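> mind looking at a prediction? Sequence and model below.
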Amino acid sequence: MLVKNNLIKESFEALEESLDREVELRIERTPKETQIIGGSTNDSVPHLTYFSESLSKLGLEVSLDDIDSIASSILLRKYDIESTYMICMINMDTREVLQKSKSLDLSFQNIVKSMPFPIRTDLSQGVQLILLNPYWTIFKRMGLLMIATAIMMIMVITCIIYQIKIIIRQDKIAKVREDFSYAMIHDMKTPLSSILACTSLLHSGKTESTPQLKERYFCIIEDETGHLLNLANKVLTISKLESHKLEMAKITFQLKPMVEDLIEKFSAKCAKPLHFTLNLQAEEVHADEEYLKEAISNLIDNAIKYSYQTVDISISSLNNATHTLIKVRDNGIGISEKDVKHIFEKFERASAFKRSRLGKVAGFGLGLNYVYQVMEAHEGSVTVNSIEKEFSEFTLYIPLKTNDL
């Protein structure tokens with residue numbers, strides 16, 4: 001509506017200017033010393049109307065063709081209006097068209113009419129400029145408005161999508177927290193129950209006569225307490241690694257003794273048939289021995305948890321131009337392509353353990369995130385290659401010592 005009102009206003013201004021020039025052309029055709037009465041003007045009768053009427057009385061009638069020709073340059077040059085148009089002489093009382101500058105049909109046209117400009121002092125006749133189908137001009141003028149509107153719509157849609165993503169993410173986080181809390185409470189309940197039961201029996205004095213049984217209960221308490229302490233330390237360590245508050249004490253050490261120690265540890269406590277294969281082409285690594293050992297321990301622990309009845313684990317190492325590569329491969333249930341994208345996220349295991357094909361498997365989803373954080377702290381990385389129901393292979397990339405490059 002605003003664009004149309006501007007067009008009506010500009011059309012009237014172009015018409016008035018064109019009529020003014022047309023009157024000048026008629027004045028030039030009058031004999032010298034001809035007096036043209038201008039008359040006094042008031043609110044309803046423009047000064048130009050008196051000149052036009054005086055010239056008409058001298059036989060110099062308004063030329064719609066001249067006004068049309070003059071308006072052509074004014075509309076395009078001054079007002080940048082590109083549209084078919086014509087000039088009409090109308091009866092100002094009835095709005096009946098008395099004469100037209102062009103033979104154009106107005107019946108089926110989308111038109112914009114200027115206000116009529118009177119050419120008779122009694123306001124009986126006037127001229128009017130009519131724009132026919134000024135779509136292009138309207139479109140151009142609405143261009144900036146349309147662009148601004150489109151940008152605002154895009155911003156609104158983007159904000160809505162962003163809000164939806166936030167809501168979905170918050171819902172996912174809430175679900176992860178719920179699953180994690182359930183898993184933690186469930187898995188902590190067993191060792192705490194064992195500790196409480198063993199402590200109660202020791203306090204009862206019933207084991208005083210059987211030292212071996214007493215020692216066994218003490219070992220159970222020690223193992224279960226160590227299990228809970230390791231879990232607490234792992235959560236604390238991940239938090240420190242994420243906030244970059246934990247420094248790696250890197251040294252160059254032999255891989256084989258560390259790996260053999262892990263093999264002995266897991267072989268002793270694994271309830272499944274367990275077989276290890278070693279291929280350590282890179283015998284040394286420059287890293288924090290404690291954290292690297294824990295990272296590899298997490299990979300072996302996962303391999304055992306997510307394997308079938310017989311567990312085959314291959315541990316290998318090699319050097320490339322920039323890194324030492326340590327690979328841990330198992331014959332377990334594998335990881336789907338969908339889960340691979342999120343497997344290193346904190347608590348991801350906690351949100352997925354109910355779907356395991358092996359039934360309920362203990363864990364909080366911290367192990368692989370721990371591995372990821374440790375590799376980040378070493379300025380290295382970890383990758384996974386897996387096929388469902390066949391194998392999983394994790395590769396640790398540890399940068400070589402600077403003076404070895």
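The structure has been received and is ready for your questions. Note that this is a predicted model, so its numbers are computed, not measured.
> now for this structure, the helix or strand with the poorest mean pLDDT.
Ranked by mean pLDDT, DSSP states H and E, the weakest helix or strand in the chain is helix 348-352, scoring a mean of 49.
> next secondary structure after that helix?
Note on helix 348-352: by DSSP states H and E, the next helix or strand toward the C-terminus is helix 367-377.
> may I have that following helix exported as CSV, CA atoms only?
Once non-C-alpha atoms are left out, helix 367-377 reads as follows in CSV (Å, rounded to 0.1, in the frame of the first residue of the first chain):
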residue,chain,number,x,y,z
GLY,A,367,36.4,-45.5,29.5
LEU,A,368,36.6,-44.4,25.9
ASN,A,369,36.2,-40.7,26.8
TYR,A,370,39.1,-41.2,29.2
VAL,A,371,41.2,-42.6,26.3
TYR,A,372,40.2,-39.7,24.1
GLN,A,373,41.1,-37.1,26.8
VAL,A,374,44.4,-38.7,27.5
MET,A,375,45.3,-38.7,23.8
GLU,A,376,44.3,-35.0,23.5
ALA,A,377,46.5,-34.2,26.5
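> ranges for the strands of the protein?
Assigned strands in the chain, in chain order: 84-91, 97-100, 111-113, 117-118, 125-132, 251-254, 274-280, 284-287, 311-319, 323-330, 381-387, 391-399 (criterion: DSSP state E).
> who does the third one pair up with?
According to DSSP bridges, the neighbouring strands of strand 111-113, each with its direction, are strand 125-132 (antiparallel).
> can you list the neighbours in contact with the strand it pairs with?
Residues from elsewhere that reach strand 125-132 (Cβ atoms under 8 Å, 6 or more residues apart in numbering): 7, 11-12, 14-15, 18-19, 62, 64, 67, 71, 81, 83-92, 98, 104, 106, 109-120, 137. In short, each C-beta sits where N, CA and C put it, glycine included.
> make it 7 Å
7, 11, 14-15, 19, 62, 67, 71, 83-92, 104, 109, 111-114, 116-119 (Cβ atoms under 7 Å, 6 or more residues apart in numbering).
> just stretch 78-86 next, same as before
Where contact means Cβ under 7 Å, 6+ apart, the residues beyond stretch 78-86 that reach it are 10, 14, 68, 71, 75-76, 100-102, 104, 129-134, 136-137.
> chain neighbours aside, what residue packs nearest to V384?
Spatial nearest neighbour of V384, chain neighbours left out: F394 (5.3 Å); criterion: Cβ to Cβ, 6 or more residues apart in numbering.
> wait, isn't the one you found in contact with N298?
No: contact status for F394 versus N298: not in contact, 9.5 Å apart, counting by Cβ atoms under 7 Å.
> of all the strands of the chain, which one is nearest Q163?
Proximity to Q163 (Cβ to Cβ) singles out strand 381-387 among the strands of the chain, at 33.0 Å.
> what's the angle from the closest one to strand 391-399?
The directions of strand 381-387 and strand 391-399 differ by 160 degrees, with axes from the mean of the first three to the mean of the last three Cα atoms, to 10 degrees as the criterion.
> quick one: buried residues of strand 381-387?
Judged by neighbour count (16 or more other Cβ atoms under 10 Å), strand 381-387 contains these buried residues: 382, 384, 386.
> hmm, L280 is touching S317, no?
Yes: using Cβ under 7 Å, L280 and S317 qualify as a contacting pair, with a distance of 4.7 Å.
> related to what we said a few turns ago, I'd like the buried residues of strand 381-387 as a markdown table, with pLDDT appended.
Compiled in a markdown table, the buried residues of strand 381-387 are given as follows (pLDDT from 0 to 100):
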| residue | pLDDT |
| --- | --- |
| V382 | 94 |
| V384 | 93 |
| S386 | 91 |
